[in-house]
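Novice: Any chance you could fold what I've pasted below:
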Amino acid sequence: MDYTLGLLVYLFSVLRMGTAAPLPGEVDIRRKVADDVDRLITRMDNSFTFPDIIRSNQLPDRIGGISSILVVLEGYNNLIPNNFTNVDQIKTDISMMAIYLTKLSERQCKGRPRPEAPGWLQRLQTETHYVETHTVATLMGLKEFLNLLRKDLNVLKTC
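Specialist: The predicted structure is shown next:
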């Protein structure tokens, strides 16, 4: 019996599986984060009318690496109340972006401790007296943070 045909079919199937779609890499995750940031900013602009404030000056001019971004995104997501109008999808998008960044962080930042929340975020987390005003301030800060992230996606290369 000639097993050549069977062996060739087996080899081609193994080669085909070996050349399947690659696992999502850093470039794919950075592109996904960029798309998510753009979608979130657009969704926030379409869902909310923000007061005309030049800048709240809470945020620094630069943001840290992946770990810092995760801390800030999770902090903002926790500050936005679930019962506020038009925030369900925003909170979901933030959570999805955090999942991608967590995967990237696990690859790049093994064994490094997560940083604490920055001082401006800690202050925002303690000043929760007026829920609607606080939520609008949180959403404005989130939008500023996302704009900073969009300007410099290279911070995703650092921890």
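
Novice: Identify the residue nearest the geometric centre of the protein.
Specialist: M97 (3.3 Å; C-alpha atoms, centre = their mean).

Novice: so which helix or strand takes in it?
Specialist: helix 88-108 (DSSP states H and E).

Novice: Tell me the helices and strands packed up against that helix.
Specialist: With contacts taken as 3 or more C-beta pairs under 8 Å, 6 or more residues apart in numbering; DSSP states H and E, helix 88-108 sits against helix 26-47, helix 66-79. Yep, even glycine has a C-beta here, placed from its N, CA and C like the rest.

Novice: low pLDDT regions in this structure?
Specialist: 1-27, 51-62, 120, 122, 128-132 (pLDDT under 70).

Novice: Name all residues that make contact with the residue nearest to F48 when sequence neighbours are not counted.
Specialist: Once flanking residues are discounted, F48 sits nearest to L139: 6.0 Å by C-beta to C-beta, 6 or more residues apart in numbering. By C-beta atoms under 8 Å, 6 or more residues apart in numbering, L139 lies in contact with 44, 48, 50, 80, 87, 90.

Novice: Including distance to K103 and neighbour count, could those go into CSV?
Specialist: Below are the contacts of L139 laid out as CSV (distance: C-beta to C-beta, whole Å; neighbours: other C-beta atoms under 10 Å):
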residue, distance to K103, neighbour count
M44, 24, 19
F48, 29, 17
F50, 31, 12
I80, 23, 17
V87, 25, 21
I90, 21, 21
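
Novice: returning to that earlier point: just the buried positions in the very next helix or strand once past the helix holding M97, please.
Specialist: Note on helix 88-108: by DSSP H and E, the next helix or strand toward the C-terminus is helix 119-126. Counting neighbours by 16 or more other C-beta atoms under 10 Å, one finds that the buried residues in helix 119-126 are 121, 124.

Novice: The helix or strand just after helix 119-126 to helix 88-108, inter-axis angle?
Specialist: Per DSSP H and E, helix 119-126 leads on to helix 131-151 as the next helix or strand towards the C-terminus. Orientation check (axes from the mean of the first three to the mean of the last three C-alpha atoms, to 10 degrees): helix 131-151 against helix 88-108 gives 40 degrees.

Novice: This completes my enquiry, with thanks.
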